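1. Sequence isn't available, so here's the structure alone:
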């Protein structure tokens, strides 16, 4: 419970217990952000967990009742997670980010929270992020059978 509502333009930030920024969303109640929640009682929800939450097109009023008046849509709940073996470490990272899972190498794309492609590589299980600016990044990891996106923090 936040004890207040959000307005026409807000920022939401998620921090760890030691005050490190994990994620943030900045939004507005005008285009290109969906306007379906503006003064309707509905709320915006991330359409699916795989989407980049910093992009306006990743959000919509998919819950007719709006939340907190109703539970968020079940579409955001992933019951059968096939990526559970896939891990990235260390996180936060200073120099090398390692990927481990059910195969020995992966195709990756790394994005800033603004959606800008920062790096792409194929057949890797280690990524040199030493030259990246400090901040939060998204890594899209693919192999022959699946694709997943994870967040990591560059120190």
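-> Here it is on my side, so go on. From a predicted model like this one, the values you see are computed outputs, not experimental measurements.
2. hey, where'd the strands end up in this structure?
-> Counting by DSSP state E, the segments of the chain that form strands are 9-15, 21-28, 45-46, 59-60, 87-89, 96-100, 106-112, 117-124, 126-128, 135-142, 147-154.
3. Of all those, which one is nearest residue 36?
-> strand 59-60 (6.7 Å; CB to CB). Where C-beta positions appear, they are placed from N, C-alpha and C, glycine not excepted.
4. Need the contact partners of that closest one.
-> Applying CB atoms under 8 Å, 6 or more residues apart in numbering, the contact partners of strand 59-60 are 27, 33-34, 36, 44-47, 53.
5. What subset of the residues you listed is buried?
-> With neighbours counted by 16 or more other CB atoms under 10 Å, the contacts of strand 59-60 contain buried members at 27, 33-34, 44-47, 53.
6. How about the contacts made by residue 142?
-> Residue 142 makes contact with 106-108, according to CB under 8 Å, 6+ apart.
7. 10 Å instead, please
-> Neighbouring residues of residue 142 by CB atoms under 10 Å, 6 or more residues apart in numbering: 106-109, 122, 148-149.
8. what bits of the chain have low per-residue confidence?
-> 1-10, 29, 37-42, 62-84 (pLDDT under 70).
9. Just put the buried ones among the contacts of strand 59-60 in JSON lines and tack on distance to residue 12.
-> Below are these laid out as JSON lines (distance: CB to CB, whole Å):
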{"residue": "27", "distance to residue 12": "8"}
{"residue": "33", "distance to residue 12": "13"}
{"residue": "34", "distance to residue 12": "16"}
{"residue": "44", "distance to residue 12": "11"}
{"residue": "45", "distance to residue 12": "13"}
{"residue": "46", "distance to residue 12": "12"}
{"residue": "47", "distance to residue 12": "17"}
{"residue": "53", "distance to residue 12": "10"}
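10. Closest to residue 11 out of the contacts of residue 142?
-> Of the contacts of residue 142, the one sitting nearest to residue 11 (CB to CB) turns out to be residue 149, at 21.5 Å.
11. Nice, that's everything, thank you.
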